[in-house]
Every structure is written in C-alpha cells, then in structure tokens.
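Novice: structure for this input, please:
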Amino acid sequence: MVQYTTTRLDASFAALSDATRRGVLEQLGRSDASITQLADKFHMTLTGMKKHVGVLEHAGFVTTEKVGRVRTCKLGLRRLEDEAAWIESYRQVWAARFDALDTVVEDLKRQEEIDG
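Specialist: Take a look at the predicted model:
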C-alpha cells in the first residue's frame, strides 16, 4: 500500500469534512472572492469565515492575499491526487474483501444445494 503523510491527509480530510468549506472551494473554483463576500454568501460572520478559510489555507487548498483592508481568497495550488490515491487503495482492499465474501457465499449455497 502507498505511504502517505498522515498529517497532510488529516489536514485535507479535516478541511473537506465540513459542508461550508466544501462550498467555499466550489465558490472559489468559479472565481476569487474576499472573505467578506464569502461570509455574505454563506450567511456567517467574518470571524467564522476567517476560521474556515484558515483551515482550508492550512491544508493548502486556498491561498489568501491582503491588499489594503481586503483579504482575497483563491484556490491554492494543491490538488487532491494524494487523497484520491489513498481512497483508491482502500477501495481496492474492500473490493477484494467483498469478492472473497461472494466466493464464501457461493460455496455455502452450493453446499446447501448438495446437502439439501
């Protein structure tokens, strides 16, 4: 199995675990926005939105730049390749387990028919 930096995956999945943060990423995928604009769109306080943006920034999904009094957010350079690879490795493990379970169930059915 591929080895991943636990801290990085923890930060990524923590950032993506919240619906508001996923919404912020979707919004920033369309266009850059100030924290004020994001707070208005998601009907929350500036402080609350700053915290959400901070989590996304820590994970590398968002970058911010302050010009004057306005802090503008945009998508970071980080993509989700590592996270997708991690998920895929576990998908393969579970697929193999379900295939093995299917084999056991089929064997039990055959044995039941023979005994039945």
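Novice: hey, let's count contacts and neighbours off CA atoms from now on
Specialist: Will do.
Novice: just the pLDDT at Gln111, thanks.
Specialist: On the pLDDT scale, Gln111 is placed at 89.
Novice: now for it, how many residues are close by?
Specialist: Counted with other C-alpha atoms under 10 Å, the neighbours of Gln111 add up to 11.
Novice: next, name the residue at the spatial heart of this structure.
Specialist: Here the mean C-alpha position of the chain is nearest to the C-alpha of Leu16 (C-alpha atoms, centre = their mean), at a distance of 3.8 Å.
Novice: tally of neighbours for the closest residue in space to that one that isn't next to it in sequence?
Specialist: In this structure, Leu16 finds its nearest non-sequential neighbour in Arg22, 5.8 Å apart by C-alpha to C-alpha, 6 or more residues apart in numbering. Neighbours of Arg22 under the rule other C-alpha under 10 Å: 15.
Novice: what is the rounded mean pLDDT of the host helix or strand of Arg22?
Specialist: Assigned by DSSP states H and E, Arg22 falls within helix 19-30. Regarding helix 19-30, the rounded mean pLDDT is 96.
Novice: counting by contacts, list what it packs against.
Specialist: Helices and strands touching helix 19-30, by 3 or more C-alpha pairs under 8 Å, 6 or more residues apart in numbering; DSSP states H and E, are helix 6-16, helix 46-59, strand 70-75.
Novice: of these, which shows the lowest average pLDDT?
Specialist: helix 6-16 (a mean of 89).
Novice: this completes my enquiry, with thanks.
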